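**Q** when you get a sec, could you give me coordinates for this:
(2 chains)
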There are 2 protein chains.
Amino acid sequence: MLKAVLVIGDGMADRPLKELNWKTPLETAHKPSLNHVAKTGISGIIDPISPGIPPGSDTATLALLGYNPLKTYSGRGPLEALGSNIEISRGDVALRCNFATVDENLVILNRRAGRIENEDGSKLAASLRKVKLKESDVDFLFKNTVQHRAVLVLHGSKLSPSVSDSDPGKAGMKILEAKPLDKSEEAERTAIILNELTCKFHEVLKKHPVNIERTKHGKLPANAILCRGAGVVPNVTSLKEIYDVDAVCVAATSLVRGACKAAGMKLVDVKGATGTPQTDFIAKARTAVQMLKQNDFVLLHVKAPDVASHDGNIRQKIEVIEKIDKMVGYILENVNLEETVLAVTSDHTTSSFTGNHEGDPVPVVISGFGVRIDGVESFGERECARGGLHRIRGMDLMPILMSLLGRTKKFGF
Amino acid sequence: MLKAVLVIGDGMADRPLKELNWKTPLETAHKPSLNHVAKTGISGIIDPISPGIPPGSDTATLALLGYNPLKTYSGRGPLEALGSNIEISRGDVALRCNFATVDENLVILNRRAGRIENEDGSKLAASLRKVKLKESDVDFLFKNTVQHRAVLVLHGSKLSPSVSDSDPGKAGMKILEAKPLDKSEEAERTAIILNELTCKFHEVLKKHPVNIERTKHGKLPANAILCRGAGVVPNVTSLKEIYDVDAVCVAATSLVRGACKAAGMKLVDVKGATGTPQTDFIAKARTAVQMLKQNDFVLLHVKAPDVASHDGNIRQKIEVIEKIDKMVGYILENVNLEETVLAVTSDHTTSSFTGNHEGDPVPVVISGFGVRIDGVESFGERECARGGLHRIRGMDLMPILMSLLGRTKKFGF
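**A** Numbers count the residues shown, from 1 in each chain, chains lettered A, B, ... in the order given. Coordinates of the predicted model:
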């Protein structure tokens, strides 16, 4: 049976930039391997969600895995949780949290408590887990992940993800009251529970020995918890069930790992993979190639180009694209394209000019046994737009790949 | 912040014509400014509704404003009303009406009462407004607009737009009985009210002094009212609410004005704008440019090419396209494309051969800061089909434009 590798360069697509003589970083980069994939493949452009809508990496990954993001996504919380190896079940409501520093009026002084160290975070989280809720039929899990990052999972009946954030998104503002976003009893109850936790967490944290110690050493105390992105686990059928594939995710970014986990994929950790421009690109490629031996589908995600774009660092974006090219080169050298379908795309356009995710489509190329090679010779936003795949939706890619593997089911007779 | 102008040439797209050596009027016209927009922009084709479906100007305009016409449109009546500055609220049922001439058996002799003068129409409408309905919880507004054209608005509870037309659409046929189009009590009641009004209006009109006078002078009496296109105001979220843009409509056609009004746009009147091939193209362009100073989005609509197409007047169609080209030239000279996104399209194909709206896609081009210029060098049905936008739906255009303005919201994180 054929196998497939899907390489996703996060935020790799861009708009033409004046600094690059109105070319994009991808068009500018030296990328012999990506161009080889284009020359031996079929190209096109993808609207990850729909034309003009800027995707998040979470919604875009769900789409690129073949799921309708508009129907399956309710918030980043559960994906963060899943991606951080935190157990979460259907029906649980999960939120992404920050340790933060607030003053006595709950006005935020620092949204990340000075990027608190993991050790301090773990001690504080342990204390927070002892908080008791008024509602006896709901319990919660609070777990710190890296630095100021944490996840809150509410478990129980009659809960809803339709609640607003307590995190106002910037310092200088007071912690917000979580509010129900619809008129259901569940949303109201969930908002009340969240507000109760915000209060009780603050009470525990403000007098916690770790924070007294931090203050003594001139560090910012982590005396509040900010929550956002309430959601439930996407209610999706696993890739195994849909296509009968054993699927693996090679990614460092927790949101992307979470989306893959929701799809029933195995998560693999790679030494040296950091989710930054300094990640070990070749180590990730090596792991992907290894994983392909015992599995049918490997998603290989690289966060680096998105980081460079958000920083407006065009030079760095070109550099990491050239490293992705080398990564793809490693894959080309170590898999047989007569037995493997190799696809490369981006989850969204991130403009190095605006620093934001944008609604423009992303390029895609698919090479491997059986594809209708289309004469496109270079991998880029505009070259791929001339290709034989034309303009497709994010959720169309997976069926196309699985069809090349002979794993999509016939509809009708 | 960037701003946007969308130029819509009504029915500007066409099919290849034998008289033009199998080119279209748009392909034949001398259009240096439109070609300049193509050379500096990204092109594509649009299915205003969906492939093969001939759009009306009303449904197409709703779509080009980003709304799903299949979900938001129920009939032309409310758009005519809104576009003629007639007050209409959510829940009201509005119909487009004609003053007509019928014989004693209610057979239509002339569907426009000889294009009755506005003054006569106003006097007749004033009398019609005195008619009393049996149902005391429903009232109505009857207002003439231009010549034989009028609008009827029903206001009250338990009304439905699901009623058939009393207007058979051609002379020689009897006025039709309005019938409920579904089995609801509301539709049945609305049909009864409409039929009651048709009778009572005829009673008032046939002996009205204005008509006695008209007959005396050899003019056709306006002795009946024909109704069609029952509908309710599209239940759409305003552009302001969706994209936070102040939006303006520069159009003379009441249907287009009505769709824009439904979207919460301001309507601007332009001296010399007539909705005919004799309109003042440059005055409209001047107004659009002025409006752009205090607003974020201007829709500039020109009816002329549709009029020429319906008349099968190929020569005139080419002439008005060349005037639209000059209009676009004025815009190019007076806005800065580094601060403005300029898009040009058509709301539907009107065939100069069949004289009808057709289901073929229309060309579109978008020029301005950040677009992925695609190498298309000419604005036309077939040239644009080679462009980087590929084939999109009418309702995709607005998110694409608003995304270039940085005004679409990210979905996900």
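**Q** part of a helix, is residue A:42?
**A** No - per DSSP: H, G, I helix; E, B strand; the rest coil, residue A:42 lies outside any helix segment and is strand.
**Q** which residues touch it?
**A** A:365, A:366, A:367, A:371, A:372, A:373, A:374, A:376, A:387, A:388, A:389 (CB atoms under 8 Å, 6 or more residues apart in numbering or on different chains). C-beta: built from backbone N, CA, C; applies to glycine.
**Q** go ahead and confirm the second one touches residue A:392.
**A** Translated: residue A:366. No - using CB atoms under 8 Å, residue A:366 is not in contact with residue A:392; the gap is 10.8 Å.
**Q** quick one on the thing from earlier: how about TSV for the contacts of residue A:42, with neighbour count, secondary structure and distance to chain B added?
**A** Below are the contacts of residue A:42 laid out as TSV (neighbours: other CB atoms under 10 Å in any protein chain shown; DSSP: H, G, I helix; E, B strand; the rest coil; distance: CB to the nearest CB, whole Å):
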residue	neighbour count	secondary structure	distance to chain B
A:365	30	strand	16
A:366	28	strand	17
A:367	21	strand	21
A:371	21	coil	19
A:372	10	coil	17
A:373	14	coil	20
A:374	18	coil	14
A:376	24	coil	13
A:387	24	coil	10
A:388	15	coil	12
A:389	24	coil	10
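**Q** tell me the spacing between residue A:113 and chain B.
**A** In this view, residue A:113 and chain B are 21 Å apart by CB to the nearest CB, to the nearest Å.
**Q** for chain B, what are the nearby residues on chain A?
**A** A:15-16, A:22, A:24, A:45, A:49-60, A:69-70, A:73, A:76, A:229, A:255, A:351, A:353-354, A:356-360, A:381-382, A:385, A:390-391 (CB under 8 Å from any CB of the partner chain).
**Q** mind running it again at 6 Å?
**A** A:15, A:49, A:51-56, A:58-59, A:76, A:357, A:359, A:381-382, A:385, A:390-391 (CB under 6 Å from any CB of the partner chain).
**Q** from these, which land in helices?
**A** Cross-referencing the residues of chain A next to chain B against helices under DSSP state H gives A:58, A:59, A:381, A:382.
**Q** am I right that residue A:94 is in a strand?
**A** Yes - assessed by three-state DSSP, residue A:94 belongs to a strand.
**Q** what's the neighbour count on the residue nearest to residue A:407 when sequence neighbours are not counted?
**A** Nearest residue to residue A:407 in three dimensions, chain neighbours excluded: residue A:243, at 4.2 Å (CB to CB, 6 or more residues apart in numbering or on different chains). Residue A:243: 23 surrounding residues under other CB atoms under 10 Å in any protein chain shown.
**Q** for residue A:243, grab phi and psi.
**A** Here is the backbone geometry of residue A:243 (degrees, to the nearest 10): phi -120, psi 0.
**Q** and residue A:302, by the same measure?
**A** Main-chain torsions, residue A:302, degrees, to the nearest 10: phi -130, psi 120.
**Q** quick revisit: turn the ones in helices among the residues of chain A next to chain B into TSV, columns for neighbour count and pLDDT.
**A** Converted to TSV, those look like this (neighbours: other CB atoms under 10 Å in any protein chain shown; pLDDT from 0 to 100):
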residue	neighbour count	pLDDT
A:58	30	97
A:59	30	98
A:381	25	98
A:382	20	98
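**Q** hang on, the earlier thing: the residues of chain A next to chain B in strands, which ones?
**A** The strands in this structure, assigned by DSSP state E, contain A:357, A:390, A:391 from the residues of chain A next to chain B.
**Q** which of the residues you listed are buried?
**A** Among those, those buried by neighbour count (16 or more other CB atoms under 10 Å in any protein chain shown) are A:357, A:391.
**Q** ok, of the ones in strands among the residues of chain A next to chain B, which one's closest to chain B?
**A** Distance ranking of those against chain B, using CB to the nearest CB, places residue A:391 first at 3.9 Å.
**Q** how about the strands of the stretch 151-300 of chain A, start to end?
**A** Under the criterion DSSP state E, counting those that start in this stretch, the stretch 151-300 of chain A carries strands at the ranges A:224-231, A:247-250, A:266-268, A:297-302.
**Q** adjacent strands (with direction) for the longest one?
**A** Right, strand A:224-231. Paired with strand A:224-231 in the same sheet, following DSSP bridges, are strand A:93-102 (antiparallel).
**Q** which residues touch the partner strand?
**A** For strand A:93-102, the surrounding residues in contact (CB atoms under 6 Å, 6 or more residues apart in numbering or on different chains) are A:76-78, A:80-81, A:88, A:108-111, A:113, A:116, A:148, A:150, A:152-154, A:159, A:161, A:220-230.
**Q** same question, stretch A:256-271
**A** With contact meaning CB under 6 Å, 6+ apart, stretch A:256-271 is reached by A:57-58, A:61-62, A:65, A:79-80, A:82-83, A:233-234, A:238-240, A:247-251, A:283-284, A:287, A:301.
**Q** buried members of those residues into ChimeraX, please.
**A** ChimeraX command restricting the contacts of stretch A:256-271 to the buried ones, with burial defined by 16+ other CB under 10 Å:
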select /A:57,58,61,62,65,79,80,82,83,233,234,239,247,248,249,250,251,283,284,287,301
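**Q** pull the contacting residues for residue A:10.
**A** The contact partners of residue A:10, taken as CB under 6 Å, 6+ apart, are A:57, A:303, A:306, A:347.
**Q** please disregard the earlier target; I meant residue A:121.
**A** residue A:144.
**Q** that one in helix, strand or coil?
**A** From three-state DSSP, the assignment for residue A:121 is helix.
**Q** next, work out how far apart it and residue A:130 are.
**A** Spatial separation of residue A:121 from residue A:130 under the definition CB to CB, to the nearest Å is 16 Å.
**Q** what does residue A:147 give?
**A** From residue A:147 to residue A:130 the distance is 23 Å (CB to CB).
**Q** neighbour count for these two, which is higher?
**A** The residue with more neighbours, out of residue A:147 and residue A:130, is residue A:147; 17 against 8, by other CB under 10 Å.
**Q** which non-adjacent residue is nearest the more buried one?
**A** Counting by CB to CB, 6+ apart, residue A:115 is the residue found nearest to residue A:147 once chain neighbours are left out, at 4.8 Å.
**Q** need phi/psi at that neighbour.
**A** Backbone geometry at residue A:115, expressed as degrees, to the nearest 10, gives phi 50, psi 60.
**Q** how about low-confidence regions in the stretch 151-300 of chain A?
**A** In the prediction, the stretch 151-300 of chain A carries no residues with pLDDT under 70.
**Q** quick one: the helices in it, in order.
**A** Applying DSSP state H, counting those that start in this stretch to the stretch 151-300 of chain A gives helices spanning A:185-206, A:209-216, A:239-243, A:254-262, A:281-294.
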